[in-house]
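# sequence first, predicted coordinates after that:
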Amino acid sequence: MLSKRILSAAIFIPACLLIVIAGGWIFILAAACILGVGAWEFKQMFEKAQYSPNGTLLIVGTICLSLSKALAGLDLSAIIFSGLVLISIVIVINALAWGARRAGERYAG
């Protein structure tokens, strides 16, 4: 167990340092990828707890929010977040229309 941690530290510490030193778009894309992986792990935790999150919306939304300022040059996070909330509401309403009994209680996304 300790050898795996040492090996992963030997790989990830220099890689993280190179990404930070490179900066710019490399750093922004690496941060977006890390946040996307974190959102995927968050989705997995919800699924283990018997919830049914919308993984696509969660992961893509997280990546879009993290890239919003870098891509547009403006702070569009409020607009993107509002859009994601509206999409979530539509998904829950459609789940109820298609026969889910308590879609809102079982939805996390």
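Received, thanks. Numbering: from 1, shown residues only.

# for residue 50, helix, strand, or coil?
Per DSSP: H, G, I helix; E, B strand; the rest coil, the secondary structure class of residue 50 is coil.

# what's the burial count for residue 68?
Neighbours of residue 68 under the rule other Cβ atoms under 10 Å: 18. In short, each C-beta sits where N, CA and C put it, glycine included.

# and the closest residue to it other than its chain neighbours, how far from residue 70?
Among residues not flanking residue 68 along the chain, residue 76 sits closest, at 4.5 Å (Cβ to Cβ, 6 or more residues apart in numbering). Distance, residue 76 to residue 70, using Cβ to Cβ, to the nearest Å: 10 Å.

# pretty sure residue 91 is touching residue 56, no?
No: checked against Cβ atoms under 8 Å, the pair residue 91 and residue 56 is beyond contact range at 10.0 Å.

# between those two, which one's more packed in?
More neighbours surround residue 91 than the other of residue 91 and residue 56, with 16 against 11 (other Cβ under 10 Å).

# and that one, which of the three is it?
helix.

# can you show me the helices along this protein?
With DSSP state H applied, the chain shows helices at 2-22, 24-48, 55-72, 77-97, listed in chain order.

# neighbours of the residue nearest to residue 68, how many?
When neighbours are counted by other Cβ under 10 Å, residue 76 registers 16.

# look at it and report its pLDDT.
Turning to residue 76, the model gives it a pLDDT of 78.

# what about it, distance to residue 11?
On the measure of Cβ to Cβ, residue 76 and residue 11 end up 35 Å apart.

# sorry, back to before: deepest of the helices of the chain, which one?
Mean neighbour count (mean count of other Cβ atoms under 10 Å) peaks for helix 55-72 among these, with a mean of 16.

# I'd like to know which elements that helix is packed against.
Applying 3 or more Cβ pairs under 8 Å, 6 or more residues apart in numbering; DSSP states H and E, we find helix 55-72 packed against helix 24-48, helix 77-97.
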